[in-house]
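Asks: I need the structure of the sequence given here:
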Amino acid sequence: MSVFIIAEAGANHNRSFNQALTLIDIAKHAGANAVKFQTYSSETLYSKNTPDFAGYKNINKLIKDIELPREWQKDLKSYCDDIGIEFMSTPFDEAAVEELLSLGVKRMKISGFESTDPRFVKMVASANLPVIVSAGIGSNASSIHNIINWISEEQSDPDITILHCNNAYPTPDKDINLNRIDSLVSLYPSIKIGLSDHTAGILAPSIAVAKGATCIEKHYTISRRLAGPDHSFALEPAELKFMIENIRLAEEMCKDTQTLLTDSEYKFSKGMRSVVTATPIKKGERFTEENITTKRPFLSGNIHSSRYYDVLGQVAINDYNADDFVFDIDREVSEKR
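Replies: As a prediction, this is how the structure comes out:
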């Protein structure tokens, strides 16, 4: 199964429809599987009594200024369909869930801040679509277990992806804790595990894939110089493309093909060793540690060096000069004394 890569446009449209379309084009060009926006309103997301926090002042106004106009969603979805990239948006209220369902989205996403709210998780799960959940701030093994249970209570055959996530924007490299992916893969073998990455660079997603992540989500922008809360830690277009190329490379490098000899190794296989004679041997003599050894190369019809001890004690049915290859043991019909 190929890693599912979500290019997170989020609020980086800056309430410009053309900028939103450009973001979709960037995600498509970079090779992402999906482009994702966010569907919320300040009235349903934050209480009007919310104090300033985390460096944000007047959070209600900030959210109002970066809301995705909901009337855009149909056209954005249609444009995504036209150019061949999946449209996604994270819902933050019940109306958003209904709107996205009416557009025919293929899956739902739950943000890390909402993932510990059972009412909200169950509401999104009731849409009966595959659910991707960022297990971010405040999540631990117990809360992830709760998330899975809440979704399972609403769906008879749930399709769940849990994204390891640190909800600091940006996330310091020292805090990304990628080894948690190993733990999640081990704890939940029937659940898809991924990474929602908020670090400033592109290394973490490739490491996550090497650890078994099957879904990657990453914020991106047209330019980090643009105004807005999410641009500064987002990838620029060339970086997004390079990250996705590296994810695909990591995916290819981590495949377990269960083969002893890959196609690329085949032409080098002659570099292995064969059983060869150390001294002249007459027909009827037995092979001993004194008269046979191993040397490169290994050629078709020769005896591979791994079978050296099988050859010892066998009887030669041909004459050999020193440094001759010993024929395949199947042709050395012999008997041990």
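Asks: which residues touch the one helix or strand in the chain whose mean pLDDT sits lowest?
Replies: Comparing every helix and strand of the chain by mean pLDDT, DSSP states H and E singles out helix 263-266 as the least confident one, with a mean of 74. Taking CB atoms under 8 Å, 6 or more residues apart in numbering as the criterion, no residue outside helix 263-266 touches it. C-betas here are computed from N, CA, C, even on glycine.
Asks: Keeping just the C-alphas, turn that helix into CSV.
Replies: As requested, C-alpha coordinates have been extracted for helix 263-266 and formatted as CSV (Å, rounded to 0.1, in the frame of the first residue of the first chain):
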residue,chain,number,x,y,z
ASP,A,263,17.6,-7.4,-10.0
SER,A,264,20.3,-4.7,-9.4
GLU,A,265,22.5,-7.2,-7.7
TYR,A,266,22.3,-9.9,-10.4
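Asks: how about the helix or strand harbouring Ile26: buried residues?
Replies: For Ile26, the element it lies in under DSSP states H and E is helix 17-30. Buried residues in helix 17-30, defined by neighbour count with 16 or more other CB atoms under 10 Å: Gln19, Ala20, Leu21, Leu23, Ile24, Ile26, Ala27, Lys28, Ala30.
Asks: got it, and stretch 115-131?
Replies: Of the residues in stretch 115-131, those with enough neighbours to count as buried (16+ other CB under 10 Å) are Ser115, Thr116, Phe120, Val121, Met123, Val124, Ala125, Ala127, Leu129, Pro130, Val131.
Asks: for the record, mean pLDDT for stretch 268-276?
Replies: Per-residue pLDDT values across stretch 268-276 average out to 88.
Asks: To clarify, my last question referred to stretch 145-157.
Replies: Looking at stretch 145-157 alone, the average pLDDT works out to 96.
Asks: If you count neighbours, what's buried in it?
Replies: Here stretch 145-157 shows Asn146, Ile147, Ile148, Trp150, Ile151, Glu154, Gln155 as buried, counting by 16+ other CB under 10 Å.
Asks: Just the residues contacting stretch 133-143, thanks.
Replies: 109-113, 115-116, 121, 144, 147, 151, 160-167, 183, 187, 196, 217.
Asks: Not counting sequence-adjacent ones, nearest residue to Glu239?
Replies: In this structure, Glu239 finds its nearest non-sequential neighbour in Ile202, 6.1 Å apart by CB to CB, 6 or more residues apart in numbering.
Asks: Show the contacting residues for that neighbour.
Replies: Applying CB under 8 Å, 6+ apart to Ile202 gives the contacts Leu235, Glu239, Phe242, Met243, Asn246.
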